[in-house]
Structures are given as C-alpha cells and as structure tokens.
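**Q** Provided below for reference: sequence and predicted model.
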Amino acid sequence: MTAAGEQTATSAGEEMHALVERLYPLCRSITGDGVRATLEIIGEYVPLQVHEVPTGTQVLDWTVPQEWNIRDAYVADAAGNRVVDFAASSLHVLGYSVPVPATTMPLTELREHLHTLPDHPNWVPYRTSYYKPEWGFCLAQETLDAMPDGDYEVCVDSTLADGHLTYAEHVVPGQIPDEVIVSCHVCHPSLANDNLAGIAVATFLARTLAQQTPYYTYRFIFAPGTIGAITWLARNAERVERVKHGLVLACAGDSGRLTYKQSRRGDAEIDRVMRHVLAASERPYHVDEFTPYGYDERQFCSPGFNLGVGSLSRTPYAGYPEYHTSADNPDFVSPEAMADTLAVCREAFGVLDRNRRYVNLSPYGEPQLGRRGLYDALGGRSDTKQAQMAMLWVLNLSDGEHSLLDVAERSGLPFSTVAGAADALHGAGLIKA
C-alpha cells in the first residue's frame, strides 16, 4: 500500500473510531428513541431512508413488539446515593425493563432482579428481556458485594407502549438492479465491538461505494437484530429475488483475526469470494461453516429464502471474554482493526463487482496476441510473465461457464491480474461478456 493509501486507511480508521465513541453512550434496543438517535447520527455520514413499522404488525412468524423507551433507572441506598445508575451507563438496566415506580425494598428481595458476572467482578453484564415482562439491573459483582443489607429505593422510569420498530436503508445505485445487501444490527446499547464497530464499518463502506459506479446495486440495512431482519424480509419478500449476494457485519473492531462464516449454501459466490480474498491477503483468518445461530445471516439464510449471505467479523460472537459486558468499550476496539475490516470488505466487493463470465470469440487455437498489441502493452511491467499467463488462462476458460474467479482459483494468479487480462482481451475484441 502506498503512503497515501496508508494515510487514507489511518484516517478512515480514526473516523470510524470517533463514530463508535459518539454512538457509545446511547441506549439502544430493538425499538425506541435510542435506535432513532443512532440512525440520525449515521444519516450525517450517508443519507438514509428510515422506516417505521407499527406495533402489532405481523412479520413472517413474528409480531412487531411494543416500543420501549427509558428516561432513568437507579438503585439508591438509604442516604440517597445511587449505587446503580442508568445515567452512568445504559448497561445498568435490564433491556426492556417494565416500569417500576419509585419504591423501597430490602436487598434480599432486590437480589433476584440483579445481574452480575462473578468471574469478572468489576465488569457489568448486558442482559435483556424483550419478550417476557420483567425488570432488573446489571451491576459489577464488586458493587453488589459492597452493598449492605437493608432497604434500597428502586426506580425504572420507562415506557412500554404501542409505537414502532425503526430501521433504515442506504442504497448505492449500480449498473444493474441485482443487489448486494450489507446488514448490521443497531439494537445493542453501550457495546463497542458488538456492534458499533460493525455499524461504523458499514457506514464507511457505503461512503466508499457511493464514490464509485459499482456493477451491483448495494443496499445497506441498519436494523435491530433478529426482529429487524425478519421485518425487512417480510416487507421485501417480493424483491428478495434481486438479492444475489450479501454480508452481515458484526464484531468488526477487536484485535482478533478475521473470521468469515459461510452462507447456508456454502458455495455461494460471496463464500468463494471471501475465501479467495482472505487467502490471497496473507492476513490471519478463519472460515467457519454455516450454523443456524449467530447474527442475522441466519434470517437471510433461512430455508425459505436461502440467500447467499455470509457474515464477516473479527473474533466471533461470544468468542472473547468482553462480549456482552462493560469491558466491550471504545478502548476494546481500534482504528487499525476497523480499517482492516473495511479494507477486506472493499477488496471482496471489488472482486464481486468484476467477476464475470466471458466467451472466447477466437476459440479455435490460440489467437495471435502480438499482432493485436497485447504483448506490447505488457512491456515494462514487473509482472509481465504473470500478466501474459493470465491472458492465456482467460482465453482458455472463457467458454461461458467459467468466471474470472474460476480462472484465478485454477491458475493461482491474483484476481486483479486476471481481471486486468480480461479487460485487455475484451478491449481487443477477443472475448465478450
């Protein structure tokens, strides 16, 4: 990478980290004003079409739930000191807690509503109760250990009422209407890697693609996990056939190696592209088989839809101790890791966008490349022999059945070299798409 390229990557990484820090304090959930505030900030980077789906709407086998909003929540001791305070961190309240008017109760009774991590006594866990009416608080074990027996004032100033589920889309028009979807979830509160880093990478990927004229149309979906993806699928069932490829972004900012989880198909084009790009990049990486558990790839890959959608992360969900805890803070993610995740996405979509099938227009014997100036065009290149071999491979496999990715995989040549050879041969009238 050139010095200018390194500077660009560094700048993008720092900007993404700044976005993570800005979004971190907001209390997000599967519905509510926290999601709207998050989308409003993302909308400063890329224009969004925001959708509001009313409570009670049937979406596939699910129903859009009531909307949850919260203003305050606390546990205060006899002196009025807040020992657990929602204002200090949105993690301190059980997500979707039903309202609890200010009331006094003994610690013995309160304990059944308190959640801690005894193995990590200074971390606060992230817990929710979306579909079961419940209330509670999350706190560090060391805080609980320091609370003496006695009465405590408890208050959860929240509302759970009919409202809407909110999600948003950003579309980068392509040369064709066939779509690539990029999805990330916007429902987690103060968790930097899961999934503010994914949001940041998706946002900056959208900005990058918007500066180009991509082959495919790219649709970015910012939605609550599970219910948001299900809602999107229910509302777009008639146009899902346009979705040819897809990627779910999550846990995109930690220091772990890149991990690609394949689609349900396992041999979808996005699976092959990601495997090729990761292997060619010489980065540490791992490829996982599909499982029907994880993030929203499991919705897009449900058998009725069976879309070619994989998932890219660094350390996968639940694979690091900080997962779903207060230790997943902005210090846990780095500009360098997010810039690296973004770079892999750009590389992968660059391959996806240029992967074509061609037909050799002079298939009987090897066409004379010299008289068409194709050898001369290679003069002075450091990879002359490689580029020449790429031309021969493209000519040989341009039978309408093999893609450029097939050529790259079979020849062992870089995809960019193969695609460049195809461009040259196409320009010389020797192959057609």
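**A** Received, thanks. Source: prediction; values computed, not measured. Numbering: from 1, shown residues only.
**Q** in stretch 227-244, what counts as buried?
**A** Buried residues in stretch 227-244, counting neighbours by 16 or more other Cβ atoms under 10 Å, are found at I227, G228, A229, I230, T231, W232, L233, A234, V240, R242, V243, K244. No exception for glycine: its C-beta is placed from N, CA and C like everyone else's.
**Q** quick one, strands of the stretch 1-150 of the chain?
**A** Assigned by DSSP state E, counting those that start in this stretch, the strands in the stretch 1-150 of the chain fall at 49-54, 58-59, 62-63, 67-76, 82-85, 100-106, 114-115, 137-138.
**Q** if you compare the ones you listed, which one is most tucked away?
**A** strand 137-138 (a mean of 26; mean count of other Cβ atoms under 10 Å).
**Q** distance between that strand and the chain's centre?
**A** How far strand 137-138 lies from its chain's middle: 27 Å, per Cα atoms, centre = their mean, to the nearest Å.
**Q** Stretch 138-156 too?
**A** Relative to its chain's centre, stretch 138-156 lies at 36 Å (Cα atoms, centre = their mean).
**Q** how long is that stretch from one end to the other?
**A** Stretch 138-156 has an end-to-end distance of 13 Å (Cα to Cα, to the nearest Å).
**Q** Now, the buried residues of stretch 227-244 that are in strands?
**A** V243, K244 (DSSP state E).
**Q** now the buried residues of stretch 227-244 as CSV including distance to V50?
**A** Below are the buried residues of stretch 227-244 laid out as CSV (distance: Cβ to Cβ, whole Å):
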residue, distance to V50
I227, 16
G228, 12
A229, 16
I230, 18
T231, 13
W232, 13
L233, 18
A234, 17
V240, 21
R242, 21
V243, 21
K244, 25
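**Q** quick one: which of the buried residues of stretch 227-244 is nearest S11?
**A** G228 (30.6 Å; Cβ to Cβ).
**Q** any idea what sits nearest that closest one, other than its immediate chain neighbours?
**A** Y167 (5.0 Å; Cβ to Cβ, 6 or more residues apart in numbering).
**Q** Sheet partners, orientation included, of the helix or strand where that neighbour lies?
**A** Using DSSP states H and E, Y167 maps to strand 164-172. For strand 164-172, the paired strands and their directions (DSSP bridges) are strand 49-54 (antiparallel), strand 217-223 (antiparallel).
**Q** Now do that strand, average pLDDT.
**A** Computed over strand 164-172, the mean pLDDT rounds to 98.
**Q** C-alpha coordinates for the following helix or strand past that strand, PDB please?
**A** Next along the chain after strand 164-172, taking DSSP H and E as the criterion, comes strand 179-185. Provided in PDB are the C-alpha atoms of strand 179-185 (Å, rounded to 0.1, in the frame of the first residue of the first chain):
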ATOM      1  CA  GLU A 179     -28.400  -6.300  -5.300                       C
ATOM      2  CA  VAL A 180     -25.700  -7.000  -2.700                       C
ATOM      3  CA  ILE A 181     -27.100  -6.400   0.800                       C
ATOM      4  CA  VAL A 182     -24.900  -5.400   3.700                       C
ATOM      5  CA  SER A 183     -26.500  -5.700   7.100                       C
ATOM      6  CA  CYS A 184     -25.600  -4.700  10.600                       C
ATOM      7  CA  HIS A 185     -27.600  -4.600  13.900                       C
END
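**Q** List the buried residues for the strand holding Y167?
**A** Applying a neighbour-count criterion of 16+ other Cβ under 10 Å, the buried positions in strand 164-172 are H164, L165, T166, Y167, A168, E169, H170, V171, V172.
**Q** Contacts for it next, please.
**A** Residues from elsewhere that reach strand 164-172 (Cβ atoms under 8 Å, 6 or more residues apart in numbering): 30-32, 35-36, 39, 42-43, 46-55, 57, 64-65, 67, 186, 206, 209-210, 214, 217-224, 227-228, 231-232.
**Q** What subset of those is buried?
**A** Buried residues within those, counting neighbours by 16+ other Cβ under 10 Å: 30-32, 35-36, 39, 42-43, 46, 48, 51, 53, 64-65, 67, 186, 206, 209-210, 214, 217-224, 227-228, 231-232.
**Q** What number of residues are in the vicinity of H286?
**A** 13 (other Cβ atoms under 10 Å).
**Q** again with the one 5 residues further on
**A** Neighbour count for T291, taken as other Cβ under 10 Å: 12.
**Q** so it sits in a strand?
**A** No: T291: not assigned to a strand; according to DSSP: H, G, I helix; E, B strand; the rest coil it is coil.
**Q** Distance of it relative to A223?
**A** As judged by Cβ to Cβ, to the nearest Å, T291 and A223 stand 21 Å apart.
**Q** and what of I270?
**A** As for I270, its distance to A223 is 19 Å (criterion: Cβ to Cβ).
**Q** Now do the end-to-end distance for stretch 59-76.
**A** With Cα to Cα as the measure, stretch 59-76 spans 41 Å from end to end.
**Q** Tell me the gap between it and the middle of its chain.
**A** Here stretch 59-76 is found 23 Å from its chain centre; the criterion is Cα atoms, centre = their mean.
**Q** do the same with stretch 113-127
**A** Stretch 113-127 has its C-alpha centroid displaced from the chain centroid by 26 Å (Cα atoms, centre = their mean).
**Q** how about the CA coordinates for that stretch, as PDB?
**A** Presented in PDB, the C-alpha positions along stretch 113-127 are these (Å, rounded to 0.1, in the frame of the first residue of the first chain):
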ATOM      1  CA  HIS A 113     -33.600  -8.600  40.000                       C
ATOM      2  CA  LEU A 114     -29.800  -8.000  40.000                       C
ATOM      3  CA  HIS A 115     -27.400  -9.500  37.400                       C
ATOM      4  CA  THR A 116     -23.600  -9.700  37.800                       C
ATOM      5  CA  LEU A 117     -20.600 -11.500  36.500                       C
ATOM      6  CA  PRO A 118     -18.900 -13.200  39.500                       C
ATOM      7  CA  ASP A 119     -15.900 -14.300  37.300                       C
ATOM      8  CA  HIS A 120     -15.300 -10.700  36.200                       C
ATOM      9  CA  PRO A 121     -16.200  -8.800  39.400                       C
ATOM     10  CA  ASN A 122     -15.600  -5.300  38.000                       C
ATOM     11  CA  TRP A 123     -17.500  -5.800  34.700                       C
ATOM     12  CA  VAL A 124     -21.200  -5.000  34.200                       C
ATOM     13  CA  PRO A 125     -23.100  -7.600  32.100                       C
ATOM     14  CA  TYR A 126     -25.500  -6.800  29.300                       C
ATOM     15  CA  ARG A 127     -28.900  -8.500  29.700                       C
END
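**Q** quick one on the thing from earlier: of the strands of the stretch 1-150 of the chain, which is nearest R298?
**A** Nearest to R298 among the strands of the stretch 1-150 of the chain is strand 62-63 (13.7 Å), distances taken as Cβ to Cβ.
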